[in-house]
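Q: Need coordinates for the below:
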Amino acid sequence: MTALTEEVLDNLFARRELTELAFTHAPVGLVVTENRVIRDCNLAFAAMFDYGRDDLRDSTFAILYPSEEEFVNIRNRGVRDLQERGRYWDERVMMRKGGELFWCRVRGYTFTPDAPLGRAVWSFADLSDTRPYQPLTRREREVFALLGEGKTSKEIARTLELSYRTVEVHRARLLKKFGASNTAGLFQSLGDIGGDHVVGA
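A: The predicted structure is shown next:
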């Protein structure tokens, strides 16, 4: 797009040619995909992931995930919502160009409900300011998930076939990582991280 001089803007507004202007400069990340390949994105989306727009066009979405496994695992999440309602949202961990992981809120709309990921448009909002990413080990994620189900440390120990003391160590590490003094504070500090629409790292 040409430089946004006052003359260019006046002409665009006079002719009501605003679609490309709105897409390119929207203050939220927007991306149009085809079978999980980025066909185009706006400036905010590219900046969020520390790429240029041209670097992302025609690239697979896999480059924006922490691992190939995460990219594969998330594929079928929300397919039913997209088929039935045409829309879907969740919160997930994504990866910037330099490898930094961060939480973002993702909302999608499909143009092809019969093949929900065939052609779609998505918005991405960076949640870093309200939900800083904290790396968790597999065991910490397991303990956290079971705490979220209301299980006690003894019940978690039985479920994971660990000692009570080991579970307490993992619980203490979680509290320390998130600066919480108790389990209720831990969940409060993470907001709705255990909800149906959250995809863990």
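
Q: For this structure, just list every one of the strands.
A: All strands of the chain, identified by DSSP state E, fall at 29-34, 37-41, 59-60, 87-95, 101-110, 119-126, 198-199.

Q: got those as CSV, with mean neighbour count columns?
A: Placement of C-beta: from N, CA and C, glycine included. Shown next, in CSV, are those (neighbours: other Cβ atoms under 10 Å):
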stretch, mean neighbour count
strand 29-34, 20
strand 37-41, 19
strand 59-60, 14
strand 87-95, 19
strand 101-110, 19
strand 119-126, 18
strand 198-199, 16
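
Q: would you list those in TSV and tack on distance to Phe144 and mean pLDDT?
A: Output for those, formatted as TSV (distance: least, Cβ to Cβ, whole Å; pLDDT from 0 to 100):
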stretch	distance to Phe144	mean pLDDT
strand 29-34	28	98
strand 37-41	32	98
strand 59-60	30	97
strand 87-95	14	88
strand 101-110	15	92
strand 119-126	23	97
strand 198-199	11	50
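
Q: Quick one: the ones you listed as TSV, columns for distance to Arg171 too.
A: Shown next, in TSV, are these (distance: least, Cβ to Cβ, whole Å):
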stretch	distance to Arg171
strand 29-34	35
strand 37-41	40
strand 59-60	38
strand 87-95	22
strand 101-110	22
strand 119-126	29
strand 198-199	20
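
Q: Any idea which of those strands gets closest to Pro132?
A: For Pro132, the closest of the strands of the chain is strand 101-110, at 7.9 Å, according to Cβ to Cβ.

Q: Can you spell out which helices and strands pack onto the closest one?
A: helix 79-85, strand 87-95, strand 119-126 (3 or more Cβ pairs under 8 Å, 6 or more residues apart in numbering; DSSP states H and E).

Q: nearest to Gln134, of these?
A: When those are compared by Cβ to Cβ, strand 87-95 sits nearest Gln134, at 10.2 Å.

Q: list the helices and strands that closest one packs on?
A: Short answer (3+ Cβ pairs under 8 Å, 6+ apart): strand 87-95 packs on helix 79-85, strand 101-110, strand 198-199.

Q: List just the one of these that sits closest to Leu12.
A: strand 101-110 (24.8 Å).

Q: No further questions, thank you.
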